[in-house]
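Visitor: quick one, what's the 3D model for this:
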Amino acid sequence: MYLLGAANPEAVRMLHAVKRSTPNVEFAFLDNDPRKHHTMFYGVPVVGGSERVAELNGPDVRFVNLITGSTRLRYETTCQLVDAGAKLGQFIHPGIDLSMIRMGQGSYLQEGVLMQAEVELGDNTSISAGSVVGHEGRIGHSVFMAPGVCIAGCVEIGDGTFIGTNATILPRLRIGRWVTIGAGAVVTKDVPDFSVVVGNPARIIKTNTVPYPDARVFR
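Guide: Predicted coordinates:
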């Protein structure tokens with residue numbers, strides 16, 4: 001498995017947890033910063049950038065994007081992997097209960113994520129440590145949740161949404177596409193596409209400029 005983005009040492013700790021659970025999986029990093037090529041990241045090799053996907057590809061090879069600072073960048077770089085022929089895998093902490101969960105390809109789920117029954121995740125989703133997704137949640141493609149996010153039951157999250165640390169979303173709300181929810185925000189009503197919301201209760205302060213109608217990496 002090749003992981004795109006040699007930046008967070010927690011990913012290395014997590015890959016060791018995965019290897020303890022599934023010893024036959026081998027890992028290496030890709031990174032699009034040439035200065036990192038052919039170096040070691042906490043003992044794991046960085047073998048090059050996205051340009052090596054075609055060369056590295058194979059029937060048992062999978063790729064997962066770890067870039068999370070921007071959902072737009074996450075979406076664009078995952079599209080680059082897929083366009084180069086990459087097959088997306090799953091990088092999921094082995095302690096997460098995945099029973100009664102449906103998810104697409106390219107998931108990156110850190111330690112302590114809790115998803116209740118009948119949650120559905122789109123492709124290229126990243127959920128950070130300690131976040132909670134309530135029952136029957138619908139999470140779109142290329143969504144990112146920072147640590148400690150709490151999403152109540154029956155919430156729908158649109159493609160490309162970025163949810164900041166410790167944000168809370170109340171039950172049965174619809175969050176649109178390419179929304180940004182600020183750290184600590186408490187969302188009490190539906191949020192339109194492309195909105196940036198902050199505060200408690202959350203309010204719209206501006207609009208995101210994103211040139212994509214959705215964040216699907218497969219057409």
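
Visitor: tell me the domain ranges of the protein?
Guide: Recorded structural domains for the chain (assignment: automatic domain parsing) are 2-90, 92-207.

Visitor: what is the mean pLDDT for the longest one?
Guide: Read it as domain 92-207. For domain 92-207, mean pLDDT rounds to 98.

Visitor: next, the distance between the ends of that domain.
Guide: Chord length of domain 92-207, first to last residue, is 32 Å (C-alpha to C-alpha, to the nearest Å).

Visitor: cool, stretch 160-168 as well?
Guide: Termini of stretch 160-168 sit 18 Å apart (C-alpha to C-alpha).

Visitor: same check on stretch 116-131?
Guide: End-to-end distance of stretch 116-131: 11 Å, with C-alpha to C-alpha as the criterion.

Visitor: mind putting the domains of the chain in a markdown table, mean neighbour count and distance to Arg219 included?
Guide: C-betas here are computed from N, CA, C, even on glycine. Output for these, formatted as a markdown table (neighbours: other C-beta atoms under 10 Å; distance: least, C-beta to C-beta, whole Å):
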| stretch | mean neighbour count | distance to Arg219 |
| --- | --- | --- |
| domain 2-90 | 17 | 10 |
| domain 92-207 | 20 | 11 |
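
Visitor: now the residue nearest the centre of the chain: how far from His37?
Guide: Per C-alpha atoms, centre = their mean, the C-alpha nearest to the average position across the chain is that of Ser126, at 1.6 Å. Per C-beta to C-beta, to the nearest Å, Ser126 is found 24 Å from His37.

Visitor: got the contact list for the closest residue to Ala86 other than its chain neighbours?
Guide: Spatial nearest neighbour of Ala86, excluding adjacent residues (C-beta to C-beta, 6 or more residues apart in numbering): Phe63 at 4.1 Å. Phe63 makes contacts with Met1, Tyr2, Leu3, Leu4, Leu30, Val53, Leu81, Ala86, Lys87, Leu88, Gly89, Gly106, as judged by C-beta atoms under 8 Å, 6 or more residues apart in numbering.

Visitor: same list, those, but as TSV with secondary structure and distance to Gly137 please.
Guide: Formatted as TSV, those follow (DSSP: H, G, I helix; E, B strand; the rest coil; distance: C-beta to C-beta, whole Å):
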residue	secondary structure	distance to Gly137
Met1	coil	27
Tyr2	strand	29
Leu3	strand	26
Leu4	strand	26
Leu30	strand	30
Val53	helix	31
Leu81	helix	26
Ala86	coil	27
Lys87	coil	26
Leu88	strand	21
Gly89	coil	23
Gly106	coil	18
